[in-house]
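In: Sequence plus predicted model, see below.
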Amino acid sequence: MTWRLTSIESAAVLLLGTAAGVFLIKKVLGMLKVCLFSPVKGIVVYKGQPVVGAVIERSYHWNWKDQKGGDQTVTDQNGEFSLPAIYAYLGHMKFVPHQPVIEQSILIQHEGATYGAWHYAKMEYGESEELSVAVMRGRLPDLKGNPINLYCDLTAEVKNHGGSWGYGGLAELRES
C-alpha cells in the first residue's frame with residue numbers, strides 16, 4: 001500500500017517544514033552572533049546648551065577578525081543622538097576559547113573641531129557588557145541591558161572614567 005498526501009496535506013507539510021527551518025536557522029545564527037558595540041544614545045551640549053547638527057562618528061576594530069567598521073549620525077534639535085547595536089557573526093569560532101578585544105571609539109565633529117567622547121576596549125561579546133569589570137568593582141553605573149547613555153559636554157576635559165577598567169573621553173556615562 002502506497003501512502004500519498006493530498007495537495008492540502010503536502011502544502012501543510014511544506015509550510016511547517018519551512019517555518020521550522022526558518023526558526024532553526026534564526027536560532028543557530030543567534031547563537032553565533034556577537035555584539036561588537038552596544039546601542040548608544042546621548043546628548044551633546046556646549047556650555048549647557050544643546051548642540052544641533054554635530055556629527056557623531058562611531059567606530060570599532062575587532063581584533064579577532066581584524067575587522068574595522070562603524071557608523072554615524074547627527075544630533076537633533078535637542079542635541080540628542082542614538083545609534084543601534086553593531087553585531088557580527090563569529091561562526092563556529094565562537095566556541096574556540098579566546099579573549100575578545102574590540103577597540104571602540106566615538107568622536108564628535110562640530111564646527112571644524114573633533115572631540116573624543118568615548119574610547120574603550122570591550123572584552124565581552126554580550127550586549128551592554130562594555131563596562132562589566134568596572135561595574136563589578138563599583139566604579140561605574142551598571143548598564144543592565146540598557147544602551148550606553150552619554151552626556152557629552154564639549155567643554156569637558158578628556159579623562160579616564162572608572163579607573164583602569166573604565167573608558168576614556170569627555171563623555172559622562174549616565175544611568176538610563
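Out: Noted; the coordinates are in hand. Numbers count the residues shown, from 1 in each chain.
In: Please name the residues that touch the residue sitting nearest the centre point of the chain.
Out: Ranked by distance to the mean C-alpha position of the chain (CA atoms, centre = their mean), the top residue is Ser38 at 2.0 Å. Residues near Ser38 by CB atoms under 8 Å, 6 or more residues apart in numbering: 85, 127-130, 143, 147-148. Glycine gets a C-beta too; all of them are placed from N, C-alpha and C.
In: Report the buried members of the residues you listed.
Out: Among the contacts of Ser38, those classed as buried by neighbour count (16 or more other CB atoms under 10 Å) are 127-130, 143, 147-148.
In: Among those, which one lies nearest to Gly166?
Out: Gly166 lies nearest to Glu130 out of those, by CB to CB, at 9.9 Å.
In: Show me where this protein has its strands.
Out: 33-37, 40-46, 49-50, 55-62, 67-74, 80-83, 86-89, 102-110, 113-122, 148-153, 159-161, 167-169, 172-173 (DSSP state E).
In: Can you tell me which of those is nearest to Arg139?
Out: Nearest to Arg139, of those and by CB to CB, is strand 159-161 at 8.2 Å.
In: picking that back up, switch the buried ones among the contacts of Ser38 over to CSV; also include pLDDT and distance to Ile43.
Out: Shown next, in CSV, are these (pLDDT from 0 to 100; distance: CB to CB, whole Å):
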residue, pLDDT, distance to Ile43
Glu127, 91, 22
Ser128, 89, 19
Glu129, 87, 23
Glu130, 88, 19
Leu143, 75, 17
Pro147, 88, 13
Ile148, 93, 13
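In: That's all I had, so thanks and see you.
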